[in-house]
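Visitor: I would like the atomic coordinates for the input below:
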Amino acid sequence: DMAEYGIEPFDLVVVNLYPFASDPSIELIDIGGPAMVRAAAKNHAHVAVVVDPADYPVVMAEVRERGSVSAETRRRLARDAFAVIAAYDAEIARWFDRSDGDLPLQFHWSLRRAQTLRYGENPHQQGARYTFDGQRSWWDDVVQHGGKELSFLNVYDTEAAWRLVHRFDGAACVIVKHANPCGVAVGSDIAEAYLRAHECDPVSAFGGIVALNATVTADVARSLAPVFTEVVVAPSFEPEALEVLTAKTNLRVLSGAPPSETGVDVRSLDGGLLVQQRDHVTLDTAAWRVVTKNGPTAEQLADLCFAWTVCAAVSSNAIVFANRGQAVGIGAGQQNRLDSARIAAARAGERAAGGVCASDAFFPFRDGLDAAAAAGVRAVVQPGGSVRDDEVIAAADEHGIAMVFTGERHFRH
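Guide: Coordinates of the predicted model:
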């Protein structure tokens, strides 16, 4: 039929779709483009379809070399074409979904493998990092200056440390171990912030992730170098600091931009996903309620804000002791709040005296507050809401502790 009507076959179809994702609107929903791409991709046995300008050099090189595009390349291009159309349609569907609220009836996600990791949680597991098509993550612009390849847990823990350190305005350092902060502090400069963060729990800091929110100086690098650390991440590094840190062949040294606060939290479960909005910490102290006879001093209130910020990043049940902008004891991931308070007290020791305590959820009994009082804590922040709030408030008054209720809890499992 083609010969009869003088129709020449297509060898190559090149399509750039309307840029819907850059400026979503009805006018930018491409109709003809996807139709041509799908038709060409279906017929990839005879036609090469190109939807990504990055493939132009590959296609041109094959055409110049052999006069046509190889069957292997045509098949790969067809696969990429269908993936691009799927992602394009998903972006349009997401745009419609946004009018239905924050958690739509359906999710239309298309993800691309962005990085193959050294291994998963354990060496016998494979691991990779994926990004949503059409979106960029701070991870996509990370520069690794030295060290081994990243593993699944390196990425997971670095994400936790990087998010928390960016919740502080001044110079701050966060040290994370197994997704939980084990050291957090602010300082007059980044060197002091690191030293104070490391002091919180030097034992747990061994093999941890260190995140700093300002340029790493040579002094910081020299302080950090003797401590076995998996990853150091910061916005930038002084040349001398890089010299010191990259000399450690196993230390992964990363620089990156601030993380995005958009998106949702996702966890896998059988047959699907659990999805929720991200937990954002609001420090609206005007809405906090003093429930004890004594209120916190201005210095204590500043420490309560600091401890509350840290507490929201700690696995429940979470208790954080802080003193003058330094976490001095962190109790994480216990099945009861009393054990978390005891762990925080043991790690804080004498440093808890005169400090503050944050609890991510209410004290169900007075025993947790009694443990904090015994450690020397003088002010407490917690959500409130227990049927025994009156008993806990009475206990705080007994101990002469100032206590405020935020009305908002920060469970993290």
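Visitor: burial measure for residue 144, as a count.
Guide: Applying other C-beta atoms under 10 Å, we find 15 residues neighbouring residue 144. In this view, the C-beta of every residue, glycine as well, is placed from N, C-alpha and C.
Visitor: for the helix or strand hosting it, give me every contacting residue.
Guide: Assessed by DSSP states H and E, residue 144 sits inside strand 143-146. For strand 143-146, the surrounding residues in contact (C-beta atoms under 8 Å, 6 or more residues apart in numbering) are 150, 237, 242, 245-246, 248-249, 251-256.
Visitor: try 7 Å
Guide: 237, 242, 245-246, 251-255 (C-beta atoms under 7 Å, 6 or more residues apart in numbering).
Visitor: now the buried members of those.
Guide: 237, 242, 245, 251-255 (16 or more other C-beta atoms under 10 Å).
Visitor: can you redo those as TSV with distance to residue 404 and pLDDT?
Guide: TSV is the format used below for the buried ones among the contacts of strand 143-146 (distance: C-beta to C-beta, whole Å; pLDDT from 0 to 100):
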residue	distance to residue 404	pLDDT
237	39	97
242	44	96
245	41	96
251	41	96
252	40	96
253	40	97
254	37	97
255	38	96
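Visitor: in helices, which of those fall?
Guide: Counted as lying in helices by DSSP state H, out of the buried ones among the contacts of strand 143-146, are 242, 245.
Visitor: just the buried ones among the contacts of strand 143-146 now: which is nearest residue 325?
Guide: Lowest distance from residue 325 to the buried ones among the contacts of strand 143-146 (C-beta to C-beta) belongs to residue 237, with 23.9 Å.
Visitor: turn the contacts of strand 143-146 into CSV, columns for distance to residue 44.
Guide: Listed next are the contacts of strand 143-146 as CSV, based on distance: C-beta to C-beta, whole Å:
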residue, distance to residue 44
237, 47
242, 47
245, 48
246, 45
251, 46
252, 40
253, 43
254, 39
255, 41
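Visitor: all helices of the stretch 151-300 of the chain, in order?
Guide: Taking DSSP state H, counting those that start in this stretch, the helices of the stretch 151-300 of the chain run over residues 152-165, 190-200, 202-205, 218-224, 239-246, 298-311.
Visitor: would CSV of the ones you listed with distance to residue 339 be doable?
Guide: Shown next, in CSV, are the helices of the stretch 151-300 of the chain (distance: least, C-beta to C-beta, whole Å):
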stretch, distance to residue 339
helix 152-165, 22
helix 190-200, 19
helix 202-205, 16
helix 218-224, 31
helix 239-246, 37
helix 298-311, 16
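Visitor: circling back: keep only those of the buried ones among the contacts of strand 143-146 that are in strands.
Guide: Residues of those located in strands (DSSP state E): 252-255.
Visitor: how much distance is there from stretch 67-80 to the middle of the chain?
Guide: Distance of stretch 67-80 from its chain centroid, counting by C-alpha atoms, centre = their mean, to the nearest Å, is 37 Å.
Visitor: confirm that residue 408 sits in a helix.
Guide: No. Using DSSP: H, G, I helix; E, B strand; the rest coil, the assignment for residue 408 is coil, not a helix.
Visitor: I figured it was touching residue 383, is that so?
Guide: Yes. Counting by C-beta atoms under 7 Å, residue 408 does reach residue 383; the two are 5.8 Å apart.
Visitor: where does this protein have low pLDDT?
Guide: 99-101 (pLDDT under 70).
Visitor: what's the longest helix in it?
Guide: Max-length helix for the chain by DSSP H is helix 71-97.
Visitor: helices or strands up against that one?
Guide: Packing contacts for helix 71-97, counted by 3 or more C-beta pairs under 7 Å, 6 or more residues apart in numbering; DSSP states H and E, involve helix 32-42, strand 48-50.
Visitor: buried ones in the longest one?
Guide: Buried residues in helix 32-42, counted by 16+ other C-beta under 10 Å: 33-34, 36-37, 40-41.
Visitor: list just the nearest of those residues to residue 360.
Guide: Nearest member of these to residue 360, counting by C-beta to C-beta, is residue 34, at 47.4 Å.
Visitor: what's the distance between residue 93 and residue 106?
Guide: 7 Å (C-beta to C-beta, to the nearest Å).
Visitor: which one's more surrounded, the two?
Guide: Between residue 93 and residue 106, counted using other C-beta under 10 Å, the more crowded position is residue 93 (14 against 10).
Visitor: now do stretch 161-179: distance from first to last residue.
Guide: End-to-end distance of stretch 161-179 (C-alpha to C-alpha, to the nearest Å): 8 Å.
Visitor: please apply the same query to stretch 131-150.
Guide: 16 Å.
Visitor: any idea how far residue 139 is from the most centrally placed residue in the chain?
Guide: Centroid-nearest residue in the chain: residue 159, 3.7 Å away (criterion: C-alpha atoms, centre = their mean). Remark: distance between residue 159 and residue 139 (C-beta to C-beta) = 8 Å.
Visitor: what's the answer for residue 177, then?
Guide: For residue 177, the distance to residue 139 - C-beta to C-beta - is 20 Å.
Visitor: swap in residue 188?
Guide: In terms of C-beta to C-beta, residue 188 sits 31 Å off from residue 139.
Visitor: buried ones in the strand holding residue 144?
Guide: Buried, per 16+ other C-beta under 10 Å, within strand 143-146: residue 146.
Visitor: pretty sure residue 92 is touching residue 31, no?
Guide: No. Using C-beta under 7 Å as the test, residue 92 is too far from residue 31 to be in contact (11.1 Å).
Visitor: these two: which is more packed in?
Guide: residue 92 (18 against 7).
Visitor: can you put the buried ones among the contacts of strand 143-146 in JSON lines and add distance to residue 223?
Guide: Listed next are those as JSON lines, based on distance: C-beta to C-beta, whole Å:
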{"residue": "237", "distance to residue 223": "14"}
{"residue": "242", "distance to residue 223": "15"}
{"residue": "245", "distance to residue 223": "11"}
{"residue": "251", "distance to residue 223": "14"}
{"residue": "252", "distance to residue 223": "18"}
{"residue": "253", "distance to residue 223": "15"}
{"residue": "254", "distance to residue 223": "18"}
{"residue": "255", "distance to residue 223": "18"}
